[in-house]
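*Asks:* Pasted the sequence and its predicted model underneath.
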Amino acid sequence: MKKEENKLYYIEPVEIEIYLKKAGKVRTVIKDLYIELIDVKPVNEGSQKIFDHFKTGGEPIDLMEIQNIFPEYIKAIYDSYYKNMDLFEKLSMHFKTAQGGSDDSWRLALYFTELLMKYEPTVASSKFLGDFQTYNLNYLIKKLNQQGQHFLLEDSTVAYLIKRRNMAFRDQPRDREFDKLVELWEFNIKEKFY
């Protein structure tokens, strides 16, 4: 796969143990699982305006900025996110410092996004904002790929990306290599906990 194409994927390393009969040894090799990032579709006209605003600026969707730019959503945002507003403020700060040139802030923003995705969906995201968290996850992965930064996601996030990819490709012929690597990855995850 060409380097440019890597930017549209999350790449998860998968350990594969190979038994070498002649040597009588087991070797572990790493194979990359390329998970295509599936674009997020806004849920309605209002969320389309929000997505378009941030896409046009080439920015992640910042919940704190949504409230400034689209004040009609302040109440819905507060009602859905008041328990985690301090985390969203920190995420907003990381977005701003990253856009100012701090590469580490992109990675920190990714990890904050992973954490905050655990509290979705909310009424605000379902009815008004759209799935801005997944949009941000994809945006941040692409940004880190462009910068050549190495990073890993939580297993639950990887499983979520695999699920989204499989849903998007459900009507297409199966990719046997992808399916086999996913199966090995899932096996490795189960082995970690036993």
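*Replies:* Arrived safely.

*Asks:* Quick check: Gln146 vs Ser126, distance?
*Replies:* Distance, Gln146 to Ser126, by Cβ to Cβ, to the nearest Å: 31 Å. The way it works is simple: take the backbone N, C-alpha and C, and place the C-beta from them, glycine included.

*Asks:* measure the residue nearest to the spatial centre of the chain to Leu91 for me?
*Replies:* For the chain, the residue sitting closest to the mean C-alpha position, by Cα atoms, centre = their mean, is Leu137 at 3.1 Å. The spacing between Leu137 and Leu91, counted by Cβ to Cβ, is 12 Å.

*Asks:* swap in Val14?
*Replies:* 30 Å.

*Asks:* Which one's more surrounded, those two?
*Replies:* Between Val14 and Leu91, Leu91 has the larger neighbour count (other Cβ atoms under 10 Å), namely 24 against 19.

*Asks:* which residues touch that one?
*Replies:* Neighbouring residues of Leu91 by Cβ atoms under 8 Å, 6 or more residues apart in numbering: 62-63, 109, 112-113, 116.

*Asks:* same deal with Pro13?
*Replies:* Contacts of Pro13 by Cβ under 8 Å, 6+ apart are 30-33, 152.

*Asks:* try 6 Å
*Replies:* Ile30 (Cβ atoms under 6 Å, 6 or more residues apart in numbering).

*Asks:* SS state for it?
*Replies:* strand (DSSP: H, G, I helix; E, B strand; the rest coil).

*Asks:* tell me which element the closest residue to Gln67 other than its chain neighbours is part of?
*Replies:* Nearest residue to Gln67, sequence neighbours excluded (Cβ to Cβ, 6 or more residues apart in numbering): Ile74, at 5.0 Å. Applying DSSP states H and E as the criterion places Ile74 in helix 74-81.

*Asks:* what comes up buried for that helix?
*Replies:* Going by neighbour count (16 or more other Cβ atoms under 10 Å), the buried part of helix 74-81 is 76-77, 80-81.

*Asks:* same deal with stretch 123-140?
*Replies:* Buried residues in stretch 123-140 (16+ other Cβ under 10 Å): 124-125, 127-140.

*Asks:* mean confidence score for that stretch?
*Replies:* Stretch 123-140 shows an average pLDDT of 97 in the prediction.

*Asks:* still on that earlier bit, neighbour-wise, which of the contacts of Leu91 leads?
*Replies:* Of all the contacts of Leu91, the highest neighbour tally under other Cβ under 10 Å goes to Ala109, namely 28 neighbours.

*Asks:* Since that was my last question, I'll sign off now.
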